[in-house]
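what follows is a protein structure lacking sequence information:
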């Protein structure tokens, strides 16, 4: 039996849905499970769904010309995940998304969500606020990368993702911070 | 006589507004002019308005602990500008915004825009799509900073802001790219 508790608590942050609207949303929401390391989206594919992480953790990353992976974002419980450019325009994705742990996801397909905006206009509001918050998050992240030391970025990471360090491999955190795993380990020793 | 041409062309990218809706939007839109170097928002103030650049160019930046300025974004004609975190939550701003040229702006105040979402629901849709696009833009920018060379970032800057280099001081472009003005000048010579 699926529990819609987390995702509806998430909706309730920004909109009040009545019983009828909730039932309708449940009827179009889909659900899937991923095993650790399973890919959800690969660069070049079209991102056909917008995902909500009910359990587990996703990693959004890309590979540079040298094949080196760069983590742009972690999406843990209660985060929404997609390659937004790809999803919004239904064009090929720039990013890869994979599971760092066994992960359970709710998701809306692109056509289902477009229809939902018409059927439940409050969802338009919800995703407007969500996108604004995502925008803010990235604005801060750009700023943090160009103006903060690796140590400060590490502290910001800890605040943004409480306890995530105990769950995933250090190399992913180093990649997110834009430093080497050796340097990350030095920072952690200094802090400890 | 104000021309609403650019801003309504911008709305038309994502929503179809009828004559009545257009008249209503015009009645709540405000307008202001800034002189070159004039401040629009300072860190710590509440960002009370969401701006549309009708003419000119804004610079969104912050100062680090050493007092060094970092340009996060340029907003030229047809861009929207705000400290989104500050505007959305009506909390103190992290960023400064100032004019790099004489600049003309349309803007919505926070309460006017909240009311407008209720009066013209299509605006909710417009700003949802706008925020999603902003989100995408920043996602790319994070990626570009962590995985591209300064030269590649310079080319991306030229694509994103056609002809802007001829309009503003080089130090701002260097700051946006996260490099020194001397290094920027070296890159430009190599390209030329």
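Yes, it's here. Please read these numbers as outputs of a predicted model, since none were measured by experiment.

C-alpha from now on. contacts and neighbour counts both.
OK.

average pLDDT for the longest helix along chain A?
The single longest helix within chain A, with elements called by DSSP state H, is helix A:122-147. On average, the pLDDT along helix A:122-147 is 86.

which helices and strands does it pack with?
Under the contact criterion of 3 or more CA pairs under 8 Å, 6 or more residues apart in numbering or on different chains; DSSP states H and E, helix A:122-147 touches helix A:110-119, strand B:69-75, helix B:84-89, helix B:122-147.

try it again with 7 Å
Here helix A:122-147 touches helix B:84-89, helix B:122-147, going by 3 or more CA pairs under 7 Å, 6 or more residues apart in numbering or on different chains; DSSP states H and E.

tell me which of those helices sits nearest to residue A:65.
helix B:122-147 (9.0 Å; CA to CA).

next, the angle strand A:69-75 makes with the closest one.
With axes from the mean of the first three to the mean of the last three CA atoms, to 10 degrees applied, the angle from helix B:122-147 to strand A:69-75 works out at 140 degrees.

ok now helix B:122-147, how far from the chain's centre?
Helix B:122-147 sits 12 Å away from the centroid of its parent chain (CA atoms, centre = their mean, to the nearest Å).

what about stretch A:9-18, near chain B?
No - shown here: stretch A:9-18 not in contact with chain B (CA under 7 Å from any CA of the partner chain), separated by at least 11.7 Å.

please apply the same query to stretch A:108-116.
No - against chain B, stretch A:108-116 shows no contacts by CA under 7 Å from any CA, the least distance being 10.8 Å.

that stretch - what's its average pLDDT?
Stretch A:108-116 comes out at a mean pLDDT of 97.

give me the neighbour count for whichever residue of chain A sits closest to chain B.
Ranked by CA to the nearest CA, the top residue of chain A for proximity to chain B is residue A:128, at 3.8 Å. Residue neighbour count, defined by other CA atoms under 10 Å in any protein chain shown, stands at 22 for residue A:128.

swap in the one 4 residues further on?
Counted with other CA under 10 Å, residues neighbouring residue A:132 total 25.

who's in contact with it?
B:84, B:131 (CA atoms under 7 Å, 6 or more residues apart in numbering or on different chains).

do that again at 10 Å, thanks
The contact partners of residue A:132, by CA atoms under 10 Å, 6 or more residues apart in numbering or on different chains, come to A:126, A:138, B:84-85, B:87-88, B:127-135.

got it, and residue A:34?
Taking CA under 10 Å, 6+ apart, one finds A:40, A:56-58, A:98-105 in contact with residue A:34.

what are the phi and psi values at it?
Here is the backbone geometry of residue A:34 (degrees, to the nearest 10): phi -120, psi 140.
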